[in-house]
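Colleague: next come a sequence and a model predicted from it.
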Amino acid sequence: MKTTQILIAGFGGQGILFAGKFLAYKGLKEELQVSWLPSYGPEMRGGTANCNVILSDTPVGSPIITTPDVLMVMNLPSLQKYVDTVAPGGQIYVDSTLIQEKVTRTDVEVFYVPATQLARQAGAGSLANMVLVGSLLENHPELSFDGVDNVVSSMVPPKKAAMIELNMKVLTLGREYGK
Amino acid sequence: MAERVLMKGNEAIAEAAIRAGCRHYFGYPITPQTEIAAYMAKKMPKIGGVFLQAESEIASINMVYGASAAGMRVMTSSSSPGISLKAEGLSYLAGSDIPAFVVNVQRGGPGLGGIQPSQADYFQATKGGGHGDYRMIVLAPASVQEMASLTIKGFDLADKYNMTAMILADGTIGQMMEPITFEEEEIRQYDKPWALTGHEGKRPHNVVNSLYLKPEELERKNFERYERYKLVEENEAMWEEYMMEDAEYCVVAFGIAARVAKNAVVSAREKGIKVGLIRPITLWPFPKKVLEQAAQRVKGFVCVELSMGQMIEDVRLATNCKRPVGLVCRSGGMVPSPDEVLAGIENAVKGVY
C-alpha cells in the first residue's frame, strides 16, 4: 500500500487549487485512487488558500491531511504554519522567489525552486504554481512526467489554447529543480 | 465500464439528480453547497428543465411543494441555516404525503454559525425540524460516488413511499473531488394518481393538503402514515460494516466522520486492537438491527461525530445501553483527527468512556 499526501498552500489567486487539481487529474490518469479537498469560503475571497491531495493505490480514507508527505508552499505564512506538520522523511517544495526563509528541519528534503522568477522569465508570471508541480513530478514516479501534456490539455479551456504551451514550458523548467 | 471522472460532491448530486429524472430545481445560494445550484443553472435550461433561484429558502421549499403536487421529480438544496428556514415546508410536504428530495450540506451551527463542515443537524434531520408527527428518509453519503448513488436512491425512495428523502452531507463531502463513475441505470417510474395534473372532467378533483380539522381524521392520517414509515424501517435501512468480523470494539460514524474513523481503525488494528466500524448510510431509518447484533459481541462502542454528540443517542437506544458508548467529537466546523479517534478507541479498551 502506497499513499502520498500532498498539502499545497499559499495566497488565494496563486493557483493553489489548480495545482492540486492538476495532481489529482494526473493521479486519475495513472489509475490511482485520489481525493482533492480545497479550503473553501473566506480563502476564495483573498487570504490564504490550501488544498489537500491524496494519491493512493488503495481507497482513500479521510481526505483531510494532518501529516503531509509533501508540502508545497507559495508564501511565508504557509511555510511557517505547516513546516512542522510534514512527516519525517517528507519533502517540502518552496517558491524561493517569494520565500527567503530557509527550512531548519534536517529530517525532510527541501527543494528551493525560484518558481515565480522562472515563470516570469518564461513569460508566464501567473504559472509559478506549475513550476513547482514540475519539480514535484520529477520526484514522484507514481505520477511521472509522461502524459502531462494530456492532463494540461484536458484542464485548459480551448479558448485559452496558448496556455497549454506555457504550462508545458514551466512544468519542464520546474523539473530541473526537482533533480 | 463507464469512465472515471473527477467531480465535486456537490456537482455529483446535481448530475445524479438530473439522471434520476429531476427537471425542477428551486433553491437559494448558501455556502458550502452553492455548486449544486450552479450546476443546475448551467444544465437545466439545456435539457428543458427548470432552474429557479427563489427569493428565499421558504419560497424555494414551497415551490418544491407545488411542483411535487403536480407529480414532478423536484428538489431543493441548502445548508444548515437554510434548512431551518425550509422546516415549515418539510412538515407540510410530510402532512400532504407527497415526495420531495432535499439536500443539506451541513455547516457549523447553531445560528448563522460558520461555513466549515458539521454534522450537527442530525437531530433536525432525523427527529423532526418541522412540527408534527412525521419522518424523513435521511441518507448520509461518505464519498463523492455515494453523493451520486444516494441521490438516485433518494428520488426513488421518495416516490416509492411518498415521503421527503434528504441527503445529509457536510461541507467536506460537498467540496471534495474524487473519481466517480456514472453507470447507466434504470430509473423506476411511479404512478402518481394523486397528482394535480388537471382532471379534464374525467375524474374527481385531486387535492393536496395538510389541513385536517377533525382530530379523528387527522389521527387516522397519522396512523396510516406511520404504517408506511414502519415499512420503511423494515425494508430500507442501509449500512456498511468494516473489519467487524472479529471486532471487540465498534466505532460508529457516518459521512466524513466515518472516513476519518476508518483511518483510526486501520491504525488501531496495526496496534493489535480488534476494532471495526459500523457506518450508518441511512440515518433514518437507523440501522438498529446491526448495532443490536454487534452489542451481543463487542465490549464497547465509540461514536464519532462532528457535533456535540447526537447520533450517540440512537446508538444507545439501538443497543438498549447493553454496552458502554464513548464519544469522540468536534463541533462548530472542526473535524476530529484520526489520532483523536484512535485515542477514543484506546480509551474504550482501557474501559474509559
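Modeller: Right, received. Where do you want to start?
Colleague: in the chain, where's the longest helix?
Modeller: Defaulting to chain A. Across chain A, the longest stretch assigned as helix under DSSP state H is helix A:162-177.
Colleague: not what I meant, chain B
Modeller: Per DSSP H, chain B has its longest helix at helix B:215-235.
Colleague: for the very next helix or strand once past it, enumerate the helices and strands it packs against.
Modeller: Per DSSP states H and E, the first helix or strand lying C-terminal to helix B:215-235 is strand B:239-242. The elements that strand B:239-242 packs onto, with contact taken as 3 or more C-beta pairs under 8 Å, 6 or more residues apart in numbering or on different chains; DSSP states H and E, are helix B:255-270, strand B:275-280. Glycine gets a C-beta too; all of them are placed from N, C-alpha and C.
Colleague: the last one and chain A in contact?
Modeller: No. Under the criterion of C-beta under 8 Å from any C-beta of the partner chain, strand B:275-280 makes no contact with chain A; the nearest approach is 10.5 Å.
Colleague: which helix or strand lies directly C-terminal to that strand?
Modeller: The helix or strand immediately downstream of strand B:275-280 is strand B:282-284, counting by DSSP H and E.
Colleague: can you give the contact residues for that next one?
Modeller: B:122, B:125-126, B:135-140, B:168, B:236-239, B:254, B:311, B:314 (C-beta atoms under 8 Å, 6 or more residues apart in numbering or on different chains).
Colleague: 7 Å instead, please
Modeller: B:122, B:125-126, B:135-140, B:168, B:236-238, B:254 (C-beta atoms under 7 Å, 6 or more residues apart in numbering or on different chains).
Colleague: just stretch B:144-156 next, same as before
Modeller: B:7, B:9, B:12-13, B:15-17, B:19-20, B:22, B:73, B:101, B:139, B:141, B:165, B:167, B:169, B:173, B:176-178, B:180, B:182, B:185, B:188.
Colleague: near chain A too, which of these?
Modeller: Filtering the contacts of stretch B:144-156 for proximity to chain A by C-beta under 7 Å from any C-beta of the partner chain leaves B:176-178.
Colleague: check what pLDDT the residue lying farthest from the centre of chain A gets.
Modeller: The C-alpha centroid of chain A is most remote from residue A:159, which lies 24.5 Å away (C-alpha atoms, centre = their mean). On the pLDDT scale, residue A:159 is placed at 87.
Colleague: next one: phi and psi at it?
Modeller: Main-chain torsions, residue A:159, degrees, to the nearest 10: phi -70, psi -10.
Colleague: how far away is it from residue B:16?
Modeller: 29 Å (C-beta to C-beta, to the nearest Å).
Colleague: list the residues that contact residue B:22.
Modeller: B:73-75, B:101, B:155.
Colleague: keep only those of those that are in helices.
Modeller: Counting by DSSP H, the part of those found in helices is residue B:155.
Colleague: output the contacts of residue B:22 in JSON lines, with neighbour count and pLDDT appended to each entry.
Modeller: Listed next are the contacts of residue B:22 as JSON lines, based on neighbours: other C-beta atoms under 10 Å in any protein chain shown; pLDDT from 0 to 100:
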{"residue": "B:73", "neighbour count": "24", "pLDDT": "98"}
{"residue": "B:74", "neighbour count": "27", "pLDDT": "98"}
{"residue": "B:75", "neighbour count": "32", "pLDDT": "98"}
{"residue": "B:101", "neighbour count": "29", "pLDDT": "98"}
{"residue": "B:155", "neighbour count": "25", "pLDDT": "98"}
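Colleague: okay, the contacts of residue B:22 in a markdown table with distance to residue B:295 next?
Modeller: Output for the contacts of residue B:22, formatted as a markdown table (distance: C-beta to C-beta, whole Å):
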| residue | distance to residue B:295 |
| --- | --- |
| B:73 | 39 |
| B:74 | 40 |
| B:75 | 37 |
| B:101 | 33 |
| B:155 | 34 |
